[in-house]
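**Student:** Structural data only, the sequence is not supplied:
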Ligand SMILES: [Zn+2]
């Protein structure tokens, strides 16, 4: 059944490490005689996560000293997906710790006294979405949104991109982090994101995925005014990559209200993107895990970075999906072989193999001592634990922009809240409308006991945490519970 | 192993600095269990940043922190600002950073720091003739960067930051003499590993994405050259997604129909192609003897040819997608089903 990846009698370093990996993965395939390994070891993963939280991170995490908000976000979001809530005392400690990362000039740093930076800003705000609340000591109202906005503006570049910090590098991770935070905190404006869609579009490579950034070519102006950015060439720097692709596509979905209002209407190639995404899924001998680049090895974290992109594809074509839902008859994914029924609709987020991904995560992704990992025989770590779990979540739950939900939110929209703008309602209702698709349940491999919580395809927060923080900052009433 | 250094508090030249602990009034959740040396160095760094000191000793301190944790972006940022404030010779800095770059090539900051140094070096060679001017010309500086990059890629041939730094450098200096040798460089990388996607991407970047350089004005010739190059590489190792993506990329970029390659692709789509091995056809090199056929990427390509032909050919495309989904590429069954549906809809719309 599991056929090795062909080498064509022409081995190279890539094919050698590929074969070595396949040999190891083969030993993780479940056998008829062996013990069932398809259980998600929730308890040992919880212990792994809780140990870091309570005892602290071991000394090798010094390399993450500039990512302290990330350590907290990874831990707290892992707990959320494992359906565990922190006790009030540790919750308060988490809030106090996170606020210690806020910089006096706006934004959050990688630790106390560190410079503000877009990546830890996302991690800190999302962690606060999980543990925080309104009011004194709740954390949310201690976020300085005006200074945050000023910090964001100070990072803007002439090509529509942002540096991650003062004089820092430009890349689409930073843009994703900025847009996520600006959306959650209700500080996004057309001015802030002007030119950003064009920048993102220029990062799509010939393969279909996205690169870290692109190079801006300018022509000097004869007068003393600023040089002009050339619309072409704007070559991508680096090849198509799973992490950057997630960030670029999620950013695009967040920017949709602004793109639709912009006169230039920049485009990305969704067909090419879809092809690249499905090509990243490993073959059966790779247990259906995802890789992050062409001809690289499968790795558990791409379960989220690449596997998570399929739900986002629905967000790219939200308006079309919107109208179709009216007369659409929901169908279950057809699992039967050799079945090519013509009347069955296949939607764009259903073109991959979520069951195979669950196999990779359960068989190869779990470390026997707790926590999840890149691949065997590697150790588990906080980063791979959260993104393997998020990948598992996206393989178990089909999240769609839900038209009915959006209508509910639109009807509830309180016009009387402060400083209303044309985009606020749209930004809010779009981000809040992501819901699990009814009648399109996916197979939960290993049984219901393996189920983890659903996570928001853009922010990687549970829907409860997303709704909590967004209703607060958009001053909107709590929407009714979903069915 | 090195012995632990003398703590800053015991060094007289640091006596005037007040170290700043990370957490003063709170009991942090999930703290990192630091070594004493790391805690000491970062306490002093926080103390220095707080008072805004920019001096020679700050370079020592930030170097210490960076060596312990090269991902400490604030230490890098503060170091860079200090270098510029005290007008430190940037050539010296660059040399010091060579070793750190090789050692910590997987870190973003290492490469970004070099970009900042390049930006300032180029600016200073262009504008003032002051002290910080490097004795080398911009092209000399960039050439030695390319050499350093080649050294790091020899150790880690797919390092993302290193490749994107190379691309940035070429575009930033935009000097024809630098671009000249890039194709040879790509070729040497692909000779080491024909499946190195970073090298294929670099080739695309060099040939198609940065305008047209001297000697490359005849685009038809360039295109022919690239098609022959990629076809030969496909013939060596047909199941190489990087090469197939490259050939699709150049056809898309140049708006050429996929059908121009149908004669080449066809033998790769069957188990036993009836090609004559001894017939050397540069335009259509056949699969090597060791090739494992049929090659799913070739079947996909041929299906795309049929789909674009339209009419009855779309049906032939759907047949190929079905064989992919059922036989040759089962993990992507849903995707191939999706393509079949799409194809059938096209046929319906036409009739
Ligand atoms: Zn990983």
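**Tutor:** Done, it's in. Treat the numbers as computed from the prediction; the structure is a model and nothing was measured.
**Student:** From here on, just use CA atoms for contacts and neighbour counts.
**Tutor:** OK.
**Student:** Distance of residue A:144 relative to chain B?
**Tutor:** According to Cα to the nearest Cα, to the nearest Å, residue A:144 and chain B sit 20 Å apart.
**Student:** That residue contacts residue A:106, doesn't it?
**Tutor:** Yes - contact criterion Cα atoms under 8 Å: residue A:144 and residue A:106 qualify, at 6.5 Å.
**Student:** Between these two, point out the one with more neighbours.
**Tutor:** Between residue A:144 and residue A:106, residue A:106 has the larger neighbour count (other Cα atoms under 10 Å in any protein chain shown), namely 21 against 15.
**Student:** Can you name the residues that contact that one?
**Tutor:** The contact partners of residue A:106, by Cα atoms under 8 Å, 6 or more residues apart in numbering or on different chains, come to A:116, A:144-151.
**Student:** Over to residue B:290?
**Tutor:** Going by Cα under 8 Å, 6+ apart, residue B:290 touches A:8-10.
**Student:** Which of those ranks first by neighbour count?
**Tutor:** residue A:8 (20 neighbours).
**Student:** Distance check, the nearest residue to that one once chain neighbours are set aside against the ion.
**Tutor:** Residue nearest to residue A:8 in three dimensions, not counting chain neighbours: residue B:291, with 4.3 Å by Cα to Cα, 6 or more residues apart in numbering or on different chains. As judged by Cα to the ion, to the nearest Å, residue B:291 and the ion stand 31 Å apart.
**Student:** I'd guessed residue B:291 sits against residue B:237; true?
**Tutor:** Yes - Residue B:291 lies in contact with residue B:237 (Cα under 8 Å); the separation is 6.5 Å.
**Student:** list the residues that contact both of the two?
**Tutor:** With Cα under 8 Å, 6+ apart, residue B:291 and residue B:237 have common neighbours A:7-9.
**Student:** from those, which single one is nearest residue A:289?
**Tutor:** residue A:7 (19.8 Å; Cα to Cα).
**Student:** Tell me how many other residues crowd the closest one.
**Tutor:** 20.
**Student:** roughly how far apart are it and residue B:241?
**Tutor:** Per Cα to Cα, to the nearest Å, residue A:7 is found 12 Å from residue B:241.
**Student:** for residue A:359, same thing?
**Tutor:** Using Cα to Cα, one obtains 24 Å as the distance from residue A:359 to residue B:241.
**Student:** Residue A:444: what's its closest spatial neighbour, skipping adjacent residues?
**Tutor:** Sequence neighbours aside, residue A:396 is the residue nearest to residue A:444 in space, at 5.6 Å (criterion: Cα to Cα, 6+ apart).
**Student:** which residues touch that neighbour?
**Tutor:** A:354, A:441-444, A:451-452.
**Student:** Which of those fall within helices?
**Tutor:** With DSSP state H as the criterion, helices contain residue A:354 from among these.
**Student:** Can you mark which positions in the lengthiest helix in chain A are buried?
**Tutor:** The residue-count maximum for a helix in chain A (DSSP H) belongs to helix A:242-261. By 16 or more other Cα atoms under 10 Å in any protein chain shown, the buried positions in helix A:242-261 come out as A:242-259.
**Student:** Name the residue of the stretch 251-400 of chain A that lies nearest to chain B.
**Tutor:** Per Cα to the nearest Cα, the residue of the stretch 251-400 of chain A with the smallest distance to chain B is residue A:351, at 4.4 Å.
**Student:** so what's that residue closest to, chain neighbours aside?
**Tutor:** Spatial nearest neighbour of residue A:351, excluding adjacent residues (Cα to Cα, 6+ apart): residue B:335 at 4.4 Å.
**Student:** Which secondary structure elements does the helix or strand harbouring that neighbour sit against?
**Tutor:** Residue B:335 is part of helix B:333-350, with elements assigned from DSSP states H and E. On a contact count with 3 or more Cα pairs under 8 Å, 6 or more residues apart in numbering or on different chains; DSSP states H and E, helix B:333-350 meets helix B:313-323.
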